[in-house]
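J.: Return a 3D structure for these sequence lines:
(chains A and B)
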Amino acid sequence: MSALDSLYQQIILEQSKARTGADLPNDQLAGEHLPAGTGQCHQLNPVCGDEITLRVETSGDAGARTISGIHWAGDGCSISMASASILSELVVGLGAGEVQIMIDSFREVMRSRGKLQADEEVLGDAAALSGVSKFPARVKCAMLAWVAAEDALRQTA
Amino acid sequence: MLLTSADHVHTGPLTDVEVRRIRNDFPILGQEVNGNTLVYLDSGATSQKPVSVLEAEQEFYEQRNSAVHRGAHTLAVAATDVFEDARATVAAFIGAAENELVWTANATAGLNLIAYSFGNASVGEVAPEARQFAVGPGDEVLVTEMEHHANLIPWQELCRRTGATLKFIPIMDDGQLDMEAAAAAFTARTRVFSFTHVSNVTGVINPVVELARMAHDVGAMVVLDACQSAPHLGLDVKALDVDFAVFSGHKMLAPTGIGAVYGRAELLDAMPPFLTGGSMITTVTMDRAGYLPSPQRFEAGTQAISQAAAFAAAVNYLSETGMDRIHAWEAALGQRMVAGLEAIPGIRVLGPSAGTARAGLAAFEVDGVHAHDVGQFLDAAGVAVRVGHHCAQPLHRRLGLSASTRASAYLYNTTEEVDAFLAAVAGVRPYFGITGA
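T.: Take a look at the predicted model:
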């Protein structure tokens, strides 16, 4: 597989078009009057203009929250959009602690400059994004949704 | 080998043979990228450097390195000669006198120098001769909608500090400046008009003489961002009749870290300094300081001396090649790019369409594929282009985009490279599974 093909795996091209979870209404981008257990974060990569507003909804008691929904609105390259889509498919139904572990693991792989291959057991389809870590200029694209999710999740605690 | 000006027998664009010979002067162009021969089409961001420029910088450090304008020893004199000869060379390249050219780090630093100096003339105790630069509440600073952020944000900040109002002349759908709106935009309140000569996104070449006249008719200072024109068009700042102009060395074969501000001599000598400190003063007491005339007035601290020497080597290279011929060559490459892009399904070129005069660059949108992905795909084919908003967010927003892909040519690019670029672009949408026009 060429380096380019390892970056743009079929699942990434498909997910960049599928955009699972990209249903946050325009009138809710400001994130005002969020109910308890819901967090929202806007992230922008000023270098390329990639942008996402991502909402995390949780249920359950404080300390044992479960992700009940991910909704986002964004615009950007195929890597950033696919990453947001995959994240949305992966985390619904998981506990907040488990999601934080995934985010940490994903960040470690992305920052590895191609040295680490993601563990599919932990990261599921997001493992397909491992190839991004060989392209330092694209790591922020892949991380955009995950950074937003981490911040939004923190607000739900 | 370069021709001296006396040897100039050719007119019209460079020939293929000449461009191949020019390429031999640029060592970096021979390398492979991702298994393909490098096709460097990002000179609008920064140009590559010929051997003569690299040697000028090395020669300075090996044989003449010293501080300038101080010290009586032999090296200090030699270094000062190199530094000031370089100034004379670069000044002559744009039709200016030596004392009208101030070294800066780059065009961004130059625009900030002008805006901050105007700001210093606007607040506190201001010398009578400096009041012509003052702006305040009720005054207007005018720019255009196609500006690079470097020619927008310094003016936003100047207006914020002084209470002046920032206005802009809009562009039309094809990227050209709306000249009807321009005619209406100049009023008795317009104090400063700062605009780009050539758009770094659309390749539009603005009618500088006409715009400068409109600005002068209402008594405004005229500042020209020549960052994208000085490398490619033969500039004569006197004929253009601008009061100030800025450009960057690194976009015109020189190293990074050196650029220049041109200002009419009587203006530079009247303008308050921006950066203050050593090397720019006459008498200093514990209370205050007197300032040298231009250009030293604006060159506080140790300057980029070796870069200045290399900048002179760069403009000599350009002059000896012939700016008219370089421009004609690039214009032909630009037309080839635009016409070729327009023939590829799903590609929209920003700015004037093929057949209309424009600089040797083309920014474009690929329907269904983000610019970042386009750039990644082209890089895999060895083609280096710029992706993103190119420091012109308002312009992109006006054209309904957040990002685009830009190919920009220079004197060392060949028609074969343009064709290789076009062939690679044609492969983008199929690779990403996008179909239809």
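J.: From now on I want contacts and neighbour counts done on CA atoms only, so please keep to that.
T.: Fine.
J.: pull the CA atoms of stretch B:82-93 into CSV?
T.: Output of stretch B:82-93 as CSV, limited to C-alpha atoms (Å, rounded to 0.1, in the frame of the first residue of the first chain):
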residue,chain,number,x,y,z
VAL,B,82,28.3,45.4,1.4
PHE,B,83,25.2,46.4,3.4
GLU,B,84,24.8,49.8,1.8
ASP,B,85,25.7,48.6,-1.7
ALA,B,86,22.9,46.0,-1.3
ARG,B,87,20.5,48.8,-0.4
ALA,B,88,21.4,50.7,-3.5
THR,B,89,21.0,47.6,-5.6
VAL,B,90,17.6,46.7,-4.2
ALA,B,91,16.4,50.3,-4.3
ALA,B,92,17.4,50.7,-7.9
PHE,B,93,15.5,47.5,-8.7
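J.: Isn't B:Val192 up against B:Leu142?
T.: Yes. Contact criterion CA atoms under 8 Å: B:Val192 and B:Leu142 qualify, at 6.1 Å.
J.: Quick one, grab the pLDDT at residue 37.
T.: Defaulting to chain A. Predicted confidence (pLDDT) at A:Gly37: the value is 93.
J.: actually it's chain B I care about, not the one you picked
T.: You'll see B:Thr37 listed with a pLDDT of 94.
J.: neighbours around it, how many?
T.: Number of residues near B:Thr37 (other CA atoms under 10 Å in any protein chain shown) recorded here: 15.
J.: so which helix or strand takes in B:Phe168?
T.: If you go by DSSP states H and E, B:Phe168 is part of strand B:165-169.
J.: Tell me the helices and strands packed up against the longest helix seen in chain A.
T.: The single longest helix within chain A, with elements called by DSSP state H, is helix A:139-156. Contacts defined by 3 or more CA pairs under 8 Å, 6 or more residues apart in numbering or on different chains; DSSP states H and E place helix A:139-156 against strand A:38-45, strand A:50-59, helix A:78-91, helix A:96-110.
J.: what is the rounded mean pLDDT of the longest one?
T.: Across helix A:96-110, pLDDT averages out at 96.
J.: Could you pull out the buried residues of it?
T.: Across helix A:96-110, burial judged by 16 or more other CA atoms under 10 Å in any protein chain shown covers A:96, A:99-100, A:102-103, A:106-107, A:109-110.
J.: Turn the residues you listed into CSV, columns for distance to B:Arg325.
T.: Converted to CSV, the buried residues of helix A:96-110 look like this (distance: CA to CA, whole Å):
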residue, distance to B:Arg325
A:Ala96, 65
A:Val99, 61
A:Gln100, 60
A:Met102, 58
A:Ile103, 56
A:Phe106, 53
A:Arg107, 51
A:Val109, 51
A:Met110, 48
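J.: Among those residues, which one sits closest to chain B?
T.: Closest approach between these and chain B, by CA to the nearest CA: A:Met110, at 17.3 Å.
J.: I'd say the closest one and A:Val139 touch.
T.: Yes. Proximity of A:Met110 to A:Val139 meets the contact threshold set by CA under 8 Å, at 6.0 Å.
J.: and for the two, which residues touch both?
T.: Jointly contacting A:Met110 and A:Val139 under the rule CA atoms under 8 Å, 6 or more residues apart in numbering or on different chains are A:132-133.
J.: Can you tell me the element B:Ala184 falls in?
T.: helix B:179-185.
J.: Run through the neighbouring helices and strands of that helix.
T.: The contact analysis (3+ CA pairs under 8 Å, 6+ apart) places helix B:179-185 against strand B:165-169.
J.: near chain A at all, stretch B:352-369?
T.: Yes. Contact between stretch B:352-369 and chain A, assessed by CA under 8 Å from any CA of the partner chain, occurs at B:Val369.
J.: how far away is the residue nearest to A:Val92 when sequence neighbours are not counted from B:Gly119?
T.: Distance criterion CA to CA, 6 or more residues apart in numbering or on different chains; nearest residue to A:Val92, sequence neighbours excluded, is A:Ile67 at 5.1 Å. To B:Gly119, A:Ile67 is 53 Å away according to CA to CA, to the nearest Å.
J.: can you give me the strands in the stretch 301-437 of chain B?
T.: Secondary structure of the stretch 301-437 of chain B (DSSP state E, counting those that start in this stretch): strands located at B:347-349, B:361-366, B:383-384, B:386-388, B:404-408.
J.: Can you give me the buried ones in the longest one?
T.: Same thing as strand B:361-366. Across strand B:361-366, burial judged by 16+ other CA under 10 Å covers B:361-366.
J.: tell me which of these is nearest to chain A?
T.: Minimum separation from chain A among these (CA to the nearest CA) is found for B:Val366, which lies at 11.9 Å.
J.: so who does the closest residue in space to the closest one that isn't next to it in sequence touch?
T.: Excluding its sequence neighbours, the residue lying closest to B:Val366 (CA to CA, 6+ apart) is B:Ile347, at 4.8 Å. B:Ile347 sits next to B:341, B:364-367 when contact means CA under 8 Å, 6+ apart.
J.: can you check B:Arg189 too?
T.: So B:Arg189 contacts B:138-140, B:218 (CA under 8 Å, 6+ apart).
J.: Out of those residues, which end up buried?
T.: B:139-140.
J.: can you put the contacts of B:Arg189 in CSV and add pLDDT, secondary structure and distance to B:Pro293?
T.: Below are the contacts of B:Arg189 laid out as CSV (pLDDT from 0 to 100; DSSP: H, G, I helix; E, B strand; the rest coil; distance: CA to CA, whole Å):
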residue, pLDDT, secondary structure, distance to B:Pro293
B:Gly138, 98, coil, 31
B:Asp139, 98, coil, 28
B:Glu140, 98, strand, 28
B:Val218, 98, coil, 28
